[in-house]
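1. have a look; sequence and predicted model below, questions after that.
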Amino acid sequence: MAYFNHAFTKRFLGTGTTLAPSVPSTTNPDTADGYLITPGVASSYLATMGPGYFGLFDATSYLSVNPDTTPITGCCPLILASASLYQKDKISPFIGGYQETNKSKYINPKYVRDFYRVDPCTPEQSIVSIGNTPSTGSGVATVGAFAAGTAGSWPVTGLIYTLVVATTGGTGTGATLLITISALGTATAATLVGAGINYTVGDFLTAVGGGGNTIVTVVTIAAALDPNHFQGATTASTCCFEFYCGETYYLRVDIKGSPALRFLNHQSYHTVDAYTGCCPTPTPTLVDSTLVMISWANELVNSDYTKYLILPVVFDETGLAWYAPDTTVDPYTGAAITSAQWWTAYVSPGHIVGACAGMRLFGAYVETKFGDCSFQVTDFFEKEIVSIFASMVDYNGDPCVFEGICVYNDCKGLQGMGFGEQVLRDLILSESYLQNYFSSDIRIREITQGSDILAAVNRNALYTRYYLLHSVPRFNNPTGVFDNDQYLLEVITNTSNNLFENDVTTWLEGCGNGCSVLKTYDCTPCVVTNN
């Protein structure tokens, strides 16, 4: 390996279970999530434990060590070994040795250059807000205690019910409340639904319809939006965008990424329009902006260019969410959705002064893949998420002629890490270096135990990976050049393994290795702000 500028990688599967016998012994050892923690166990014993078990072993005696509980004196080399992935030692009277443990070269702690862990990342979809949504609302964040009023302030029905109502008062406009009404017509609870705009802390908001008795107090104001998350030249000031009658408004949506390219052979883009109807008077008047959002959303879910790649959710001027027909689950919260929440059931109450609607676009794509019985190493699997870009445009498609509605990246999307699909392919490659080839023929695969590799990995799971980079110096090189062969040892586990981390760290620290500090690499999940 001295002639290559990269390290030779060897992989070990460490996905076994925790074994805790009442009396641990070398023939009945303790394990922690597949990691062997009982000292003195022969490396050959791993073959009897089955796939997924691994440990650190003395490089001369091949007996397991536990540097955490019994520190090793000096800079003793160790090896890393794991159980074979195969269930049978022989596949014929002449071909055997398949259950031989998978061992690394001698690891001299003085020559360990790096030790790090890569945590799995759950992939996250792109989420984009257009207009006034729960994340871009710039008004009330929370409301405090309220004056319930007297019995009969609200309609008396003899039953407890809820109403979404507008509010008056305060320095802003557009805030709406979900009021719980008692059987006697008294408001007993109030929850903020629509944030509105331009409110200040301490404002008193009166629920419309309660005879002026039901009043809440503004406690906090919505958090400021990150200016770096706005697309184009849009800002928070354009999130409450008002639409006039007699106009046609155009929205262009671009969807970019591997899923779009594989689907269309080009990036997906589509311009949708919404006509606001004839004006009742010569003077243009404001219309219910919810209808514009529903019109845009309807075109997006019916267009072959967009319906497989994104899913819109409309938020009306009171802040309530409306979903595409046939939607059964909220794409963000996972809550169940009924037909009463589809936007086909929306009845416009007319425009609410100072209030605005909005829409969220959720990146939505499911890759088709084959099952285990027909799996091939060359099968494609999708990892990339789609990116969504949107902008209001004029009749000619130009987004720069006028100031359009705001477009805000709630989540830019996150590509996952640690996929079982990739783990499986990496293990197959590692086994190929051992001359254990994975056949593309299903029957040959069954004969050569290739199916055991498939069974050892859950292709739908996410895995943690540990990496130990070390070198083996060539002190006696015929070329007269002193060089190092680099080896990267990779341990694949279901989750982080604290005992394994501590043992490796203790072993390296005992030799004064400056690379003993475990480095970790993970991802920061997106959190959608619901103001």
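-> Nice, thanks for sending it over.

2. in its sheet, what does the helix-or-strand element of the chain with minimal mean pLDDT sit against?
-> The element with the least model confidence among the helices and strands of the chain, by mean pLDDT, DSSP states H and E, is strand 140-147, at a mean of 78. Strand 140-147 has the following sheet partners, assigned by DSSP bridges: strand 215-221 (antiparallel).

3. how about the host helix or strand of residue 177 as CSV, C-alpha atoms only?
-> Using DSSP states H and E, the element containing residue 177 is strand 176-181. In CSV, the C-alpha atoms belonging to strand 176-181 read as follows (Å, rounded to 0.1, in the frame of the first residue of the first chain):
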residue,chain,number,x,y,z
THR,A,176,-56.6,35.1,15.6
LEU,A,177,-57.5,32.9,18.6
LEU,A,178,-58.9,29.4,19.0
ILE,A,179,-61.5,29.9,21.8
THR,A,180,-62.9,27.1,23.9
ILE,A,181,-66.6,27.9,24.9
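
4. got the contact list for the helix or strand following the least confident helix or strand of the chain?
-> Downstream of strand 140-147, the next assigned helix or strand under DSSP H and E is strand 161-168. Strand 161-168 has contacts (CB atoms under 8 Å, 6 or more residues apart in numbering) with 154, 175-181, 193, 196, 205-210, 216, 318, 320, 352, 355. (Glycine included, C-beta is placed from N, CA and C.)

5. between strand 161-168 and strand 215-221, what angle do the directions make?
-> Regarding strand 161-168 and strand 215-221, their directions subtend 70 degrees when assessed with axes from the mean of the first three to the mean of the last three CA atoms, to 10 degrees.

6. in strand 161-168, which residues are buried?
-> Of the residues in strand 161-168, those scored as buried under the neighbour-count criterion (16 or more other CB atoms under 10 Å) are 164-167.

7. what stretches of the chain score poorly on pLDDT?
-> In the prediction, the chain carries residues with pLDDT under 70 at positions 1-5, 138, 396-403, 475-483, 529-531.

8. quick one: the helices in it?
-> Using DSSP state H, the helices of the chain run over residues 46-49, 258-264, 289-302, 420-433, 442-447, 450-456, 498-509.

9. mean neighbour count, those helices: which tops it?
-> Looking across these with neighbours counted as mean count of other CB atoms under 10 Å, the highest average goes to helix 289-302: a mean of 22.

10. which helices and strands sit right next to that helix?
-> Helices and strands touching helix 289-302, by 3 or more CB pairs under 8 Å, 6 or more residues apart in numbering; DSSP states H and E, are strand 127-131, strand 248-256, strand 268-275, strand 310-315, strand 358-363.

11. next, the buried residues of the least confident helix or strand of the chain.
-> In strand 140-147, counting by 16+ other CB under 10 Å, buried: 140-141, 143, 146.

12. angle of that strand against strand 176-181?
-> Computed by the same axes, to 10 degrees, the angle between strand 140-147 and strand 176-181 is 30 degrees.

13. where's strand 140-147 relative to the chain centroid, distance-wise?
-> Centroid separation between strand 140-147 and its chain, computed with CA atoms, centre = their mean, to the nearest Å, is 33 Å.

14. equivalent analysis for stretch 408-420, please.
-> Here the centre of mass of C-alpha atoms in stretch 408-420, compared against the chain's by CA atoms, centre = their mean, lies 5 Å away.

15. kindly report the same for stretch 107-124.
-> For stretch 107-124, the distance between its averaged C-alpha position and the chain's averaged C-alpha position is 22 Å (CA atoms, centre = their mean).

16. now do stretch 39-49
-> In this view, stretch 39-49 has its centroid 38 Å away from the chain centroid, taken as CA atoms, centre = their mean.

17. would you work out how far apart the start and end of it are?
-> For stretch 39-49, the first and last residues are 16 Å from each other (CA to CA, to the nearest Å).

18. now do it: everything it contacts.
-> Looking at what lies outside stretch 39-49 - CB under 8 Å, 6+ apart - the contacts are 16, 26-27, 29, 31, 36, 53-55, 57, 62-66, 69-70, 79, 81-84, 89, 99-101, 103.

19. how does it look with 6 Å?
-> Outside of stretch 39-49, the residues that reach it under the criterion CB atoms under 6 Å, 6 or more residues apart in numbering are 26, 29, 53, 57, 62-66, 81, 83, 99, 101.

20. from these, which land in strands?
-> With strands defined by DSSP state E, the entries of the contacts of stretch 39-49 inside them are 57, 81.

21. what is the nearest of the contacts of stretch 39-49 to residue 347?
-> Closest approach to residue 347 among these (CB to CB): residue 53, at 62.8 Å.

22. is it true that that closest one touches residue 34?
-> Yes. Under the criterion of CB atoms under 6 Å, residue 53 makes contact with residue 34 at 5.1 Å.

23. list residues touching both of the two?
-> Counting by CB under 6 Å, 6+ apart, the residues touching both residue 53 and residue 34 are residue 16.

24. how about the closest residue to residue 460 other than its chain neighbours, what does it touch?
-> Taking CB to CB, 6 or more residues apart in numbering as the measure, residue 460 lies nearest to residue 420, with 6.0 Å between them; neighbours along the chain are not counted. The contact partners of residue 420, by CB under 6 Å, 6+ apart, come to 457-461.

25. tally of neighbours for residue 237?
-> Using other CB atoms under 10 Å, residue 237 has 11 other residues around it.

26. skipping its backbone neighbours, what lies nearest it in space?
-> Here the residue nearest residue 237, using CB to CB, 6+ apart, is residue 406, at 7.8 Å.

27. roughly how far apart are the one you found and residue 133?
-> Residue 406 sits 10 Å away from residue 133, taking CB to CB, to the nearest Å as the criterion.

28. go on, residue 342?
-> Computed with CB to CB, the distance linking residue 342 and residue 133 is 18 Å.

29. between the two, tell me which one has more neighbours.
-> Regarding residue 342 and residue 133, a neighbour count based on other CB under 10 Å identifies residue 133 as having more, with 29 against 15.

30. OK, contacts around the nearest residue to residue 364 once chain neighbours are set aside?
-> Distances taken as CB to CB, 6+ apart place residue 311 nearest to residue 364, at 4.4 Å, with adjacent residues excluded. With CB under 6 Å, 6+ apart as the criterion, the residues that contact residue 311 are 331, 362, 364.

31. quick one: which of those residues is most hemmed in?
-> For the contacts of residue 311, neighbours were counted using other CB under 10 Å, and residue 331 has the most, 20 neighbours in all.

32. and which of the contacts of residue 420 is nearest residue 303?
-> Comparing the contacts of residue 420 against residue 303 with CB to CB picks out residue 460 as the nearest, at 30.5 Å.

33. tally of neighbours for that closest one?
-> Residues within reach of residue 460, counting by other CB under 10 Å, total 9.

34. cool, and residue 436?
-> The burial count assigned to residue 436 is 19, neighbours taken as other CB under 10 Å.
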